[in-house]
Structures are given as structure tokens and as C-alpha cells.
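Student: Provide a 3D model corresponding to the input given below.
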Amino acid sequence: MPAERAERAERAERVERAVRAGHARHAGHLSSLGGPVSPSRSALRPLGPDEIRITGGFWGERQELNASTILGHCESWMERIGWIANFDHAADGSIVGRHAGIEFVDSEIYKLLEAMAWELGRRSDAALERRYQALVARVAAAQEDDGYLHTSFGRHGQPARYTNLEWGHELYCFGHLIQAAVARLRTGHDDRLVGVARRLADHVYREFGPHGRDAVCGHPEIEPALAEFARATGEPRYLELARLFVERRGRGMLRTTIQHGHEYFLDDMPVREASVLRGHAVRALYLASGALDVAVETGDAQLASAVRRQWANTVHRRTYITGGMGSHHQDEAFGDDYELPPDRAYSETCAGIGSVMLSWRLLLETGESRYADLIERTLLNNVLASPREDGRAFYYANTLHQRTAGTAPDDDALSQRAESSMRAPWFEVSCCPTNVARTLASVGLYFATATADAVQLHQYGDYEVRTELEAGTLGVRVASGYPFEGRVAVTVDEAPDAEVGLALRVPGWAAGAASVRVNDEAPLPVPGSLPASGRASTALVRRRFAAGDRITLELPMAARITTPDPRVDAVRGTVAIERGPLVLAMESTDLPGGRSVNGLSVDIAAGIETTPSGARVRLGRGLPPVGEEWPYGAPASATAGRAGTRAQVDEVDLIPYFHWANRGPSTMRVWLPVDAR
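Tutor: As a prediction, this is how the structure comes out:
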């Protein structure tokens with residue numbers, strides 16, 4: 001017992017030192033307010049909304065859509081169906097029998113608040129500020145005297161607090177409220193929402209801290225929220241609680257069902273012992289994010305190594321070409337290694353966002369460009385597939401092969417999860433629209449980082465960076481038609497009178513074919529760009545920059561053929577077409593006469609034509625018939641005389657996958673059968 005007490009005391013002291021060190025570090029960068037993640041120690045320093053700003057272009061259009069439409073869409077739907085009113089009823093004592101939605105709808109209001117906070121940090125908006133403050137007031141009114149805040153539990157006539165940790169999502173909801181408060185702090189406001197979060201976090205510490213309940217939540221989320229709140233407030237107890245939740249996971253404490261075992265909850269083995277992400281995909285990615293936060297802040301090298309190992313094995317074996325994760329519909333879970341069926345891809349939008357969260361943390365910790373590569377792939381090809389182009393409907397799951405055209409949903413009706421059909425305006429479980437909203441509001445904060453003597457550009461578009469290095473201020477403007485155009489132009493606006501560095505990520509898909517040039521000088525070598533290596537690299541330019549200097553990165557944007565690992569049985573023998581960072585898709589809308597994509601093949605030998613936003617391929621003879629009553633037959637070589645006839649149209653345009661299903665009901669596929677000759 002004395003040894004255990006000494007170990008606990010030493011651990012608590014280590015946590016407190018880590019949090020204080022983080023505050024000391026940030027004090028040295030007073031101009032930086034910080035982004036969604038702000039570790040006290042890392043290879044790269046994240047930039048805050050006062051240091052980086054999207055100015056237009058592809059991502060600017062999406063941020064404008066988010067601000068003008070998606071935020072209001074989410075707010076109006078949650079007002080209309082009573083989710084926001086739950087807080088009013090909880091505050092006045094009339095909630096029993098009147099609660100709208102499932103147990104964890106509180107979290108959607110909190111994600112909306114986070115999105116509002118990031119948007120207000122991006123630019124001033126008096127009307128949005130009033131909406132934000134009014135919503136915070138309604139949430140705050142429902143908080144109980146001891147800090148507890150949930151509209152589904154704890155009142156007379158409701159289930160008691162913490163009696164359903166498996167499915168009640170209380171701590172999960174708390175995590176999203178705390179993350180909204182972090183966004184407010186990181187954008188320069190210590191306001192009422194932050195006060196609510198502090199009282200709630202203190203309550204959770206009393207209930208689940210070292211002298212409280214030995215338990216975890218069925219859905220991880222509180223872990224990264226508490227770690228980030230500790231970083232933002234300087235309160236070491238929050239980090240210690242995050243550490244406790246991570247360490248408790250894997251002891252089989254949560255009650256299981258026939259369909260949902262311990263693996264589903266990530267409660268089957270300790271985090272540091274797992275070799276790959278498994279179970280419910282969103283849960284797994286949120287837990288891994290929190291585990292890495294704890295590992296970084298406490299200097300736990302073993303835990304950090306475990307998370308890196310899990311990321312690597314998951315990306316290598318359990319990730320779709322779009323960056324999507326999760327191949328099981330029933331339990332929203334990862335499948336076995338190489339179990340990646342395109343027509344049954346779940347690839348939940350929230351899992352994509354969780355993947356971005358985890359990859360960003362790993363990028364900051366290690367400085368390795370491969371994590372930025374996955375962020376790019378996932379944002380452009382998985383997350384952006386969710387919102388309809390008008391911002392008023394969303395995908396929950398993201399299939400890679402739509403076999404039937406589906407039906408257009410009623411834009412005024414509540415939907416289920418719209419799995420592999422048309423986007424829907426709102427779901428009974430509507431975690432994805434608000435997750436998209438908070439991601440788009442803060443997406444620019446994932447684009448660049450800094451070190452003591454350099455700035456690193458990880459994502460491309462139109463944006464500005466101005467940050468303090470040890471030698472002075474470095475300010476640059478990035479301009480690009482990315483992701484459709486391959487030229488990225490970086491103009492230096494301000495530079496210190498000293499040698500500093502500017503690093504540009506060269507995506508793995510561009511390996512061996514990218515070039516970097518400063519002003520009109522000869523192209524610079526791009527280290528690590530080996531042909532067909534598929535590995536991301538970094539082009540580092542170091543010099544004494546002057547205002548007006550221009551660094552140009554040229555990336556190859558010709559459409560290219562991608563083949564799957566043969567162990568992915570479901571797509572063996574097919575190909576995908578990619579163009580730059582975009583995965584392309586064949587959609588029946590581009591075929592004449594209402595034809596389906598299901599019976600078509602492509603003639604790769606005829607070549608691929610690159611188009612302004614996609615590619616054009618020549619169609620093959622189609623899939624050969626086998627029989628009218630039995631779908632099996634002799635090998636193709638023995639049935640050459642019965643080969644299918646050439647399609648009614650010789651060529652078809654492929655579009656960016658994220659844009660599919662914006663022109664009405666259609667069939668679609670990413671992996672294309674190859675014409676057999």
C-alpha cells in the first residue's frame with residue numbers, strides 16, 4: 001500500500017509538471033491562441049486561428065457553405081424536433097415524459113456550439129454571436145448544482161445517473177461539451193460555456209477520479225476532451241482523469257450483449273497491448289486520440305508507440321481507398337484485415353473525422369508527412385462526401401458501390417441513417433452533420449504547423465500564415481487551384497533577417513514526379529521522392545527569405561490507375577482511377593439511357609484521359625453472361641465466344657467521389673472491373 005500511494009503521488013506530480021510545462025511553452029507564443037489540439041511537447045507546433053486563415057478557393061467555398069448554411073441547418077433541425085428544447089424542459093423541471101430524441105442528443109448541441117465557437121474565432125459575426133450566446137444560456141440553465149449536466153438522466157422519473165454507462169453516453173456527451181469550451185478558450189474567450197465545462201469536469205473528477213467510481217463510458221470521447229481541457233486551462237486533475245479513463249479501458253467492465261461484445265466497446269484489452277484498431281470505428285479512433293494525448297503529456301513512450309502501431313496496421317489493412325474506416329454495418333465496426341467490401345463499406349463520416357483527429361495528433365507528435373497524407377485523403381474523399389453540395393443533406397455511411405439508384409428523401413422528413421442511398425436532411429442518430437460542421441469551421445487549423453525556425457505546409461489551397469519564429473515573423477500566402485490543379489504557389493510577405501525554413505509536403509501519390517522551385521532558380525531536389533514509392537516526403541527550402549520571394553510546388557495531376565492489394569478479396573481484379581488527391585467514381589448519371597454501372601467494365605489498354613476535374617475512360621465489352629438461372633459457369637477463356645457486347649457508349653467521364661449523388665438518384669462505383677481480352 002505505501003508503494004502504491006508513492007506511485008500515485010509520483011504519477012500525479014508528473015502530470016502536473018506536464019501541464020505546467022505546456023503552459024510555459026504556450027506562454028512563449030502569446031500570439032497563438034491554439035487549435036483543436038495543442039500539446040505541451042511535440043515535434044511540430046499547431047497554429048491558432050490568429051496565425052492561419054483560409055482566404056478562398058476550394059476550402060474557402062466550403063467554409064462559407066458551412067457558415068451560411070450548415071450551421072443554421074443543424075440549429076433549425078434540432079430546434080424543430082425538440083433536441084434543444086430538452087435543455088429548457090430540464091431547467092424548468094418538465095423534462096420527464098417530454099424528452100426528444102435518443103439518450104445522447106445533447107452531444108449534437110455541443111458539437112454545434114463547438115462549430116459556432118470555431119466559426120466566431122475565424123471571423124466576427126454579430127448575429128452568430130447572439131445565436132451562440134442564446135444557446136449557451138439554454139444549456140447552462142439545465143446544469144445542476146453539483147455540475148452534472150444531462151437531459152436524459154438523474155431527475156425524478158428518469159434513469160439514475162451513470163446506471164447505463166454502456167449505452168447512456170453521459171461521459172461521451174460531457175466530452176463534446178468540454179471540447180466546445182476548448183474551442184472557445186482557443187479563440188480567446190473565457191466565457192459562460194467555459195464556466196459550465198469547468199463545473200462539469202470538476203463533477204466528473206469527483207465521481208470518476210482516483211477516489212471515485214472505477215468505470216469507463218461505453219463510448220470514448222471524454223478522454224481527448226479532458227486532456228485538451230487540461231492543456232487549455234492548466235488544471236492537471238483533468239489530465240489525470242483522462243489518463244485514468246485510458247488505463248481502465250480493456251478490463252471487461254462494460255456489460256455486453258450477444259451482438260456487442262467487449263471488443264465493440266474497446267474494453268477487451270488494454271490500449272497499450274492492442275496491435276490494431278478494432279471494434280466500433282468511431283469509438284476506437286476517439287479512444288486512440290485520447291490515449292495519444294495522455295501519452296504525449298505524461299511522457300509515456302510505450303503508450304505512444306502502441307497508438308502509432310495501431311494507426312499503421314489499421315491504415316495498411318483496414319482502410320478504404322477513400323480513407324474511410326469501418327466495413328461492418330451491424331456494429332459500425334472495423335472488419336478483419338483486408339475485409340473491405342466496396343458495396344458494404346460503412347465508412348461512417350464520423351469515423352473519417354475521428355481518423356483526421358488521430359492523424360493530426362500523430363503528425364504533431366512525430367512530424368512525419370505520412371499522417372498528413374492520410375488527413376488529405378480522408379478529408380477530400382470521405383468527409384467531404386457527406387454534405388450535399390447545398391449543405392442541406394448528409395451521408396452517414398459512405399459506400400463505394402451503389403448497386404441500386406435509391407430514392408430521393410423528403411427534405412422535410414426525419415430519416416434513419418441513409419445508408420448507401422441519397423443524402424438525408426437529418427437522422428434519428430444525427431451525429432454526422434454537426435461533426436461535419438465543427439470540422440469545416442476549424443479545417444484550416446489542420447493545414448500548417450511551425451517549429452522554432454520553420455513553417456510546415458501540410459495541406460494545400462488558398463490561405464495565409466503569419467507566425468512568430470525564434471528569429472522573427474514569417475508570413476506567407478498560399479494560392480492554388482488544388483485539389484484540381486497541381487501548382488501550389490507560396491509567396492513570402494514577411495520574413496526575419498535570418499535563415500529560416502519553409503517545408504512543403506509532397507504527397508505519396510506524387511512521389512518521383514514533383515518539383516519545387518524558388519523564384520526563377522533551378523528546381524530543387526525533393527528528398528525521398530522515389531518513383532512508385534507511395535511515401536510522402538517533405539521539400540524543405542531553407543534560406544534568408546525576402547518579401548516577394550515565391551516558392552512553387554508542381555504536383556502531377558494526370559489521372560492514374562490504382563490497383564488493390566490482392567488480399568482485399570472483394571476488389572481483386574478491379575482498378576480505381578485517381579487524379580491528384582481525389583478518388584474518382586463512375587456514376588450512372590454520366591451514362592446514357594439510365595444505364596447502371598453494375599454491368600460495365602473499362603478498357604484500361606485504351607488509356608485514360610485527364611479532364612479538368614476527373615478523368616475519361618473507354619468502356620469495355622461489359623461483363624460476359626453466364627446464365628439466366630445460375631450465376632456460375634466455366635472460366636472466361638472457355639466462354640470467349642459468349643463475351644458481352646461493347647457498351648452503348650464508348651467513353652464515360654469519372655467524377656470526384658465526394659461529388660457523387662448530387663444530380664439525383666444514381667448507381668455508382670469506385671472499383672471498376674477491367675475488360676478481359
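
Student: can you name the residues that contact residue 616?
Tutor: Residues near residue 616 by CB atoms under 8 Å, 6 or more residues apart in numbering: 608-609, 651-654. For glycine as for every other residue, the C-beta is placed from the backbone atoms N, C-alpha and C.

Student: let me fix that: residue 450
Tutor: Counted by CB under 8 Å, 6+ apart, residue 450 has contacts 44-45, 47, 51, 456, 467, 469.

Student: ramachandran angles for it?
Tutor: phi -140, psi 160 (degrees, to the nearest 10).

Student: most neighbours of all the contacts of residue 616, which one?
Tutor: Among the contacts of residue 616, residue 654 has the most neighbours (other CB atoms under 10 Å), with 28 neighbours.

Student: what helix or strand does that residue sit in?
Tutor: Using DSSP states H and E, residue 654 sits within strand 651-656.

Student: emit the PyMOL select command for whichever of the contacts of residue 450 are buried.
Tutor: Restricted to buried positions by 16 or more other CB atoms under 10 Å, the PyMOL selection for these reads:
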select buried, resi 44+45+47+51+456+467+469
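
Student: tell me which of the contacts of residue 450 is nearest to residue 66?
Tutor: Closest approach between the contacts of residue 450 and residue 66, by CB to CB: residue 47, at 19.6 Å.

Student: pLDDT score assigned to that closest one?
Tutor: Residue 47 is assigned a pLDDT of 97 by the prediction.

Student: was I right about it contacting residue 448?
Tutor: Yes: with contacts counted by CB atoms under 8 Å, residue 47 reaches residue 448, the gap being 5.7 Å.

Student: joint contacts of these two?
Tutor: residue 465.

Student: of the contacts of residue 616, closest to residue 598?
Tutor: Using CB to CB, residue 652 comes nearest to residue 598 of the contacts of residue 616, at 13.7 Å.

Student: might one say that the closest one is in contact with residue 591?
Tutor: Yes: here residue 652 reaches residue 591: they are 6.0 Å apart, a contact under CB under 8 Å.

Student: what residues are shared contacts of these two?
Tutor: residue 600.

Student: so which residue is smack in the middle of this structure?
Tutor: Geometric centre of the chain, nearest residue: residue 353, 1.9 Å, by CA atoms, centre = their mean.

Student: just checking, that one touches residue 433?
Tutor: No: using CB under 8 Å as the test, residue 353 is too far from residue 433 to be in contact (11.5 Å).

Student: which residue ranges of the stretch 51-200 of the chain form strands?
Tutor: Assigned by DSSP state E, counting those that start in this stretch, the strands in the stretch 51-200 of the chain fall at 52-56.

Student: for it, which segments count as helices?
Tutor: Secondary structure of the stretch 51-200 of the chain (DSSP state H, counting those that start in this stretch): helices located at 57-65, 71-80, 85-92, 106-122, 126-141, 170-186, 192-208.

Student: tell me which residues touch residue 49, please.
Tutor: Residue 49 is in contact with 33, 35, 118, 121-122, 186-187, 444-445, counting by CB under 8 Å, 6+ apart.

Student: what do you get for residue 87?
Tutor: Taking CB under 8 Å, 6+ apart as the criterion, residue 87 is in contact with 106, 109, 138-139, 141-142, 151.

Student: quick revisit: could you dump the contacts of residue 616 into TSV and include pLDDT and distance to residue 165?
Tutor: Shown next, in TSV, are the contacts of residue 616 (pLDDT from 0 to 100; distance: CB to CB, whole Å):
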residue	pLDDT	distance to residue 165
608	96	52
609	97	56
651	93	56
652	96	51
653	97	51
654	98	47
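
Student: pull out the buried positions in stretch 271-285.
Tutor: For stretch 271-285, by 16+ other CB under 10 Å, it's 271-272, 274, 276-285.

Student: so which of those are in strands?
Tutor: Nothing among the buried residues of stretch 271-285 maps onto strands, per DSSP state E.

Student: quick check: phi and psi on the residue nearest to the centre of the chain?
Tutor: Dihedral pair for residue 353: phi -70, psi -40, per degrees, to the nearest 10.

Student: next one: it from residue 436, what distance?
Tutor: From residue 353 over to residue 436 the distance is 8 Å, taken as CB to CB, to the nearest Å.

Student: now residue 552
Tutor: Counting by CB to CB, the gap from residue 552 to residue 436 is 32 Å.

Student: ok, residue 238 next?
Tutor: Relative to residue 436, residue 238 is positioned 27 Å away (CB to CB).

Student: correct me, but residue 96 touches residue 154?
Tutor: No: between residue 96 and residue 154 there is no contact under CB under 8 Å: 10.9 Å.

Student: settle it for me: which of those two has more neighbours?
Tutor: Counted by other CB under 10 Å, residue 96 and residue 154 do not tie: residue 154 has more neighbours, with 17 against 12.

Student: so residue 609 sits in a strand?
Tutor: Yes: counting by DSSP: H, G, I helix; E, B strand; the rest coil, one finds residue 609 located in a strand.

Student: from residue 658, how far off is it?
Tutor: Counting by CB to CB, the gap from residue 609 to residue 658 is 21 Å.
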